[in-house]
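**Q** Just the structure for this:
(2 chains)
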Number of protein chains: 2
Amino acid sequence: MTYCVAMNLAEGLVFVSDSRTNAGVDNIATFRKLHIFGTPGERLVVLQTAGNLATSQSVISLLRQRLDGEEANLHNVDSLFEAARLVGSTLQEVVEHDCGNVQRQGVDLGCSVLLGGQIGEEQPRLFNIYPQGNFIEATRDTPYFQIGESKYGKPILDRALNHATPLEQALRCALISFDSTIRSNLSVGMPLDLLVYHAGSLEVPQGFRVKEGDAYFEGIRAQWCSGLRQLLGELPAPPGDYWS
Amino acid sequence: MTYCVAMNLAEGLVFVSDSRTNAGVDNIATFRKLHIFGTPGERLVVLQTAGNLATSQSVISLLRQRLDGEEANLHNVDSLFEAARLVGSTLQEVVEHDCGNVQRQGVDLGCSVLLGGQIGEEQPRLFNIYPQGNFIEATRDTPYFQIGESKYGKPILDRALNHATPLEQALRCALISFDSTIRSNLSVGMPLDLLVYHAGSLEVPQGFRVKEGDAYFEGIRAQWCSGLRQLLGELPAPPGDYWS
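**A** Residues are numbered from 1 along each chain as shown, chains lettered A, B, ... in the order given. Okay, here's the model as predicted:
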């Protein structure tokens, strides 16, 4: 499985992905799911993928391979909406190419993609591209998307995140969301890949890999866990009729 | 959907169930999913159900209907293990009876059951009965089970609950687990039914219904939410290389 979160906030964009892939519980490997495209001063386009690894790798390979061509590609489209359409149609192309052979064997070729970034004068945007190739866009009301194993880590996002949340606080919130997921689900695992983008900068950050044992991440995991336990202990006791 | 939690702890048993059923998002109703059997001074048997409502209601109806008969029933079996086998076989009986008509139409008749309680001299026990009718038992290592929409509420249980947790603290933990689930998933809803059982008492508690607007539950929900936000705000800021 996989877990990816992306946020489009007033101050910019936050992306965090795990890197575990598994076929069943006994074929576990590490693959990067956060992919960065762009030209400094002009555009940043970030993709995160979940689902069938063969499909998502083929999509990323085709997108990279076509960067130097004449046709529409992630380095020449005029808007992030056009980038989302391009990724959606590339996804459809890969699934159509592969499904003749394997779909009949019951293999799910589906792949979900989060696409965020900024192109030129446009505001930063964020899209959630479905396995069918169509997509939705994040808004002020719903400023974040998750793909993959999303349920364990959703409550903290629903409680603590909104469009005005500062980038630094949003990043901590995303990391805690990953902590909750990693604790409760074996199929999501370290290392984590993350990228923070400041709106309007048109920089192309390299992103950062949070490895197993990373001092900061381990520190906030421990602090969060003991804080939660203390918080639970401080809640008032249930009234008598709860015990009847 | 549904969400039910049951815990078998050193001090006794805790059961909490929601009461929402839905077929899609537009056919929502309230049905009790926590069912109490027993004889004070002799036995307590509590069932919680998730899955197909027709199946779970038929199972409960048959179990109640047979209480006065000569054959094995929940009021005369000698152990909770026998009770679990009885519920499992009743579940199989209902599914076999109904599946001739509807299974071919793609309807999932499956139903999961949590069964906990205490019979006579036995220690309190807790079983998770699968839709196939077989089951597993909670242990000291894994003292709780969830059925239904379990992922949103699992992280807090994994962090804060173990076999030695006092009943009162465990009940708060379960209620917070429900709060997380209700916030993030429309298909789990109020009111909640709960029951707390003190090991060895052989009482048959009536349980308690936590209704929408219940002052205690609303209070701890608000306190938990503001506490989480504060906790998140108190975490140290990520180091510089996280932003590269």
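
**Q** Output the contacting helices and strands for the longest helix along chain A.
**A** The longest helix of chain A (DSSP state H) is helix A:80-102. The helices and strands touching helix A:80-102, judged by 3 or more CB pairs under 8 Å, 6 or more residues apart in numbering or on different chains; DSSP states H and E, are strand A:43-51, helix A:53-65, strand A:111-119, strand A:125-129, strand A:135-137. Where you see a C-beta, it was placed from the backbone N, CA and C, and this is true even at glycine.

**Q** The residue lying closest to A:G51 once chain neighbours are set aside: neighbouring residues, count only.
**A** Using CB to CB, 6 or more residues apart in numbering or on different chains and skipping residues adjacent in sequence, the residue nearest A:G51 is A:C111, 3.7 Å away. When neighbours are counted by other CB atoms under 10 Å in any protein chain shown, A:C111 registers 24.

**Q** these two touch, right, A:C111 and A:Q57?
**A** No: in this structure, A:C111 is not within contact of A:Q57 by CB atoms under 8 Å, at 9.3 Å.

**Q** How about the contacts made by A:E82?
**A** A:E82 is in contact with A:A72, counting by CB atoms under 8 Å, 6 or more residues apart in numbering or on different chains.

**Q** same deal with A:H75?
**A** By CB under 8 Å, 6+ apart, A:H75 lies in contact with A:F37, A:G38, A:T39, A:R43, A:L67.

**Q** what about the strands in chain A?
**A** For chain A, the strands defined by DSSP state E cover A:3-9, A:12-17, A:20-22, A:28-30, A:34-39, A:43-51, A:111-119, A:125-129, A:135-137, A:144-148, A:192-198, A:208-210.

**Q** Which of the contacts of A:H75 are buried? Put it as a PyMOL command.
**A** Applied in PyMOL, the following selects the buried portion of the contacts of A:H75 according to 16 or more other CB atoms under 10 Å in any protein chain shown:
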select buried, chain A and resi 37+38+43
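
**Q** Which one of the contacts of A:H75 is nearest to chain B?
**A** A:G38 (14.8 Å; CB to the nearest CB).

**Q** wait, that closest one sits on A:Q206?
**A** No: A:G38 is beyond contact range of A:Q206, at 11.0 Å (criterion: CB under 8 Å).

**Q** what stretches of chain A score poorly on pLDDT?
**A** Where chain A drops to pLDDT under 70, the residues are A:23-26, A:101-105, A:244.

**Q** who's in contact with the residue of chain A found nearest chain B?
**A** Residue of chain A nearest chain B, by CB to the nearest CB: A:K151 (3.5 Å). If you count contacts by CB under 8 Å, 6+ apart, A:K151 has them with B:K151, B:Y152, B:S184, B:N185.

**Q** With B:D179 as the reference, measure out to the last one.
**A** B:N185 is 12 Å from B:D179, where distance means CB to CB, to the nearest Å.

**Q** Kindly report the same for the first one.
**A** Relative to B:D179, B:K151 is positioned 14 Å away (criterion: CB to CB).

**Q** before we move on, what about A:S79?
**A** Counting by CB to CB, the gap from A:S79 to B:D179 is 40 Å.

**Q** Tell me which of the two has more neighbours.
**A** In terms of neighbours (other CB under 10 Å), B:D179 is the more surrounded of A:S79 and B:D179; the figures are 23 against 14.

**Q** contacting residues around the more buried one?
**A** Counted by CB under 8 Å, 6+ apart, B:D179 has contacts B:F217, B:I220, B:R221, B:W224.

**Q** what residues are up against the residue nearest to A:T55 when sequence neighbours are not counted?
**A** Residue nearest to A:T55 in three dimensions, not counting chain neighbours: A:C111, with 4.1 Å by CB to CB, 6+ apart. A:C111 sits next to A:T49, A:A50, A:G51, A:N52, A:T55, A:S56, A:V59, A:L91, A:V94, A:V95, A:P131 when contact means CB under 8 Å, 6+ apart.

**Q** which one of these sits closest to A:V16?
**A** Relative to A:V16, the closest of the contacts of A:C111 is A:A50; by CB to CB it sits at 12.7 Å.

**Q** I'd say that closest one and A:C4 touch.
**A** Yes: using CB under 8 Å, A:A50 is in contact with A:C4, at 5.7 Å.

**Q** which residues are in contact with both of those two?
**A** Joint contacts of A:A50 and A:C4 (CB under 8 Å, 6+ apart) are A:K33, A:I147, A:G148.

**Q** contacts with chain B among those, please.
**A** Among the shared contacts of A:A50 and A:C4, no residue lies close to chain B (CB under 8 Å from any CB of the partner chain).

**Q** now these in JSON lines, with distance to A:A199 and neighbour count?
**A** JSON lines is the format used below for the shared contacts of A:A50 and A:C4 (distance: CB to CB, whole Å; neighbours: other CB atoms under 10 Å in any protein chain shown):
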{"residue": "A:K33", "distance to A:A199": "23", "neighbour count": "28"}
{"residue": "A:I147", "distance to A:A199": "22", "neighbour count": "23"}
{"residue": "A:G148", "distance to A:A199": "26", "neighbour count": "24"}
